[in-house]
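1. structure here, sequence nowhere to be found:
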Ligand SMILES: C[S@@+](CC[C@H](N)C(=O)[O-])C[C@H]1O[C@@H](n2cnc3c(N)ncnc32)[C@H](O)[C@@H]1O
């Protein structure tokens, strides 16, 4: 029989925000897999590191972070092939995913390649948006409130349209798109309601009003919350 692939959410940063199921699967795993961007350290692995057995074998999927899609597609193909070879041998594999695996997670690309052929179990995790809300003390929505998630990678026109019709928004993938976002928020008079959080629940967490940030870019792990139901900052 073939092995099972587990896509396990490790939460946004603080290891204590991992589910008990994630912790159990990680600490008993003989083989773990994860992505490493540009050959660097994997954030998901660093969140889970205290729970990984010393003798666990590790499948590292090197991910070239480029604007072009092809290098990443090739890396996902290659990673899926390596995972598949182990599943064929009957090994179970725990793939670590930052936040929640199905919430803009790279795991989705592996899932799409393998879920029709193998048993894949996905364990949900606390997302960065949930962590950003609690750490900044900004409830996301109440009663009939609507909340939107907007990737900052969207074009300016689409972002403007979406921002104009919503009272509570989480903007993710801010990084090098920060300047575009800040200008849009200023044009729409939303700056007083916008808070940026870097590395939510990590030791290096940082929270600032967007109006007070002067850098043109922000770190990749930045989320901006805009909620017009809140008092202006
Ligand atoms: C590819 S998405 C992955 C989201 C992840 N699967 C989750 O459930 O939160 C990456 C984006 O999530 C946001 N993000 C992830 N972790 C974060 C953290 N600890 N603090 C702030 N933003 C974070 C950033 O906007 C980042 O650009």
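-> Thanks, I have the structure now. This is a predicted model, so every value here is computed, not measured.
2. neighbours of the closest residue to residue 190 other than its chain neighbours, just the number please.
-> In space, residue 190 comes closest to residue 226 once its chain neighbours are excluded; the distance is 5.4 Å by C-beta to C-beta, 6 or more residues apart in numbering. The C-beta positions use only the backbone N, C-alpha and C, and glycine is treated the same way. Applying other C-beta atoms under 10 Å, we find 25 residues neighbouring residue 226.
3. please name the residues that touch residue 226.
-> Residues near residue 226 by C-beta atoms under 8 Å, 6 or more residues apart in numbering: 163, 168-169, 171, 185, 190, 193-195.
4. and the residue of this structure that's closest to the ligand?
-> Nearest residue of the chain to the ligand: residue 99, at 2.2 Å (C-beta to the nearest ligand atom).
5. looking at the sheet around that residue, what are its partners?
-> Judged by DSSP bridges, the bridge partners of residue 99 are residue 11.
6. pLDDT score for it?
-> Residue 99 carries a pLDDT value of 98.
7. okay but it is in contact with residue 8, surely?
-> No: counting by C-beta atoms under 8 Å, residue 99 stays clear of residue 8, with 11.2 Å between them.
8. between the two, which contacts overlap?
-> By C-beta under 8 Å, 6+ apart, residue 99 and residue 8 have these common neighbours: residue 125.
9. how far off centre is stretch 62-76?
-> Chain-centre distance of stretch 62-76: 17 Å, with C-alpha atoms, centre = their mean, to the nearest Å.
10. can you list the buried residues in it?
-> Residues 63, 72, 75-76 are the ones in stretch 62-76 that count as buried (16 or more other C-beta atoms under 10 Å).
11. next one: stretch 20-30
-> Within stretch 20-30, the residues scored as buried using 16+ other C-beta under 10 Å are 22-23, 25-26, 29.
12. repeat for stretch 129-139
-> For stretch 129-139, burial by neighbour count (16+ other C-beta under 10 Å) applies to 129-136, 138.
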